[in-house]
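S.K.: Mind folding the following:
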Amino acid sequence: MELIKYSSVNVYQEAQEVLSNVAFSIDKGEFVYIIGKVGSGKSSLLKTMYGELALKEGEATILDFDLMKLKQKHLPQLRRKLGVIFQDFQLLSDRTVENNLKFVLKATGWKKNVEITQRIQDVLDLVGMSTKGYKYPHELSGGEQQRIAIARAILNNPEIILADEPTGNLDMETSQNITELLRKICVQGSTVIMVTHNMQIVEKYPGRVFRCKDHRLEEITQKNKEMNDAEKELANEPDSNDQNHTHREDNIHFKNPYKSFKSLIKLKNL
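M.R.: Have a look, this model is predicted:
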């Protein structure tokens, strides 16, 4: 079952074209990597999928939404079918884990407290954080915060998970644990699209692999030479843990997490 399809799509950041003639399709239940150097268009492509970056050229659909014709008022409908995971977690620092999750559920239309409480416990159990509901984000490790971010992303049983460098700030062991969790979620039925520059993860946990390079997107899943070339390229990338390293295209982080959430779900009167 085809969930995403792009054909002859050009992706722009402001007036600059970052990807041209993008064409691909992704089916239900697939685990997909998007790799590439900093500034190659990985995050820009992901942004187009949840409507953060508008498309104007080509044809693109996701979950039967036509991204070329998508209006601002329809963004909440799309985003409630997606789960988005950020590299820097985007948890609300002034409330507990449980209240972070409750905020999202209430914002997306859940009314009954019993059902809200049960759903929160269900997702915390799934990500291995069942005893952490009373904790505040600053009391958790990076890996634990990312698990909570994943729990938040799957609250509404999304058909697609979009993960932008979810392991970028984590050590290798924790990165593997997070990837295993995402693969578990994929096996349960969600399509997962993961932006990464970590080729060790890509090799250890196989999936479909697309590479952004020279303003193009190409699938290199079965191409050994291209995979080896990609590994060499990414091996020379700056460490993503270097806090001084940023790039306009890949820096999708929001200064204010409240603004981030409200931007994604377009809520009023909160």
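S.K.: immediately after the helix or strand hosting residue 115, which helix or strand?
M.R.: Assigned by DSSP states H and E, residue 115 belongs to helix 113-126. Scanning forward in sequence from helix 113-126 by DSSP H and E, the next helix or strand is helix 142-153.
S.K.: Going by neighbour count, which residues in the lengthiest helix in the chain are buried?
M.R.: As assigned by DSSP state H, the longest helix anywhere in the chain is helix 172-187. With burial defined by 16 or more other Cβ atoms under 10 Å, the residues of helix 172-187 counted as buried are 174, 175, 176, 177, 178, 179, 181, 182, 183, 185, 186. Bear in mind the C-beta positions are built from the backbone N, C-alpha and C, glycine included.
S.K.: Including distance to residue 214, could those go into TSV?
M.R.: Output for those, formatted as TSV (distance: Cβ to Cβ, whole Å):
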residue	distance to residue 214
174	32
175	27
176	30
177	34
178	30
179	27
181	33
182	28
183	30
185	32
186	29
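S.K.: could you dump stretch 111-127 to CSV, C-alpha only?
M.R.: Presented in CSV, the C-alpha positions along stretch 111-127 are these (Å, rounded to 0.1, in the frame of the first residue of the first chain):
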residue,chain,number,x,y,z
LYS,A,111,-11.4,14.3,26.1
LYS,A,112,-11.8,11.4,28.6
ASN,A,113,-9.2,11.3,31.4
VAL,A,114,-9.4,7.6,31.8
GLU,A,115,-8.6,7.0,28.1
ILE,A,116,-5.8,9.6,28.3
THR,A,117,-4.2,8.0,31.3
GLN,A,118,-4.4,4.5,29.7
ARG,A,119,-2.9,5.7,26.4
ILE,A,120,0.0,7.4,28.2
GLN,A,121,0.7,4.3,30.1
ASP,A,122,0.5,2.2,27.0
VAL,A,123,3.1,4.2,25.1
LEU,A,124,5.4,4.5,28.1
ASP,A,125,5.3,0.7,28.4
LEU,A,126,6.2,0.4,24.7
VAL,A,127,9.2,2.6,24.9
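S.K.: which regions of the stretch 151-270 of the chain sit below the pLDDT cut-off?
M.R.: 223-270 (pLDDT under 70).
S.K.: Helices along that one, start to end?
M.R.: For the stretch 151-270 of the chain, applying DSSP state H, counting those that start in this stretch gives helices covering 172-187, 199-204, 224-235, 257-265.
S.K.: Does the second one pack against any helices or strands, and if so which?
M.R.: Contacting helix 199-204 under the criterion 3 or more Cβ pairs under 8 Å, 6 or more residues apart in numbering; DSSP states H and E are the following elements: strand 31-36, helix 172-187, helix 224-235.
S.K.: Which of the residues in it are classified as buried?
M.R.: Those buried within helix 199-204 under the rule 16+ other Cβ under 10 Å are 199, 201, 202.
S.K.: Among these, which one lies nearest to residue 85?
M.R.: Nearest to residue 85 among those, counting by Cβ to Cβ, is residue 201 at 14.4 Å.
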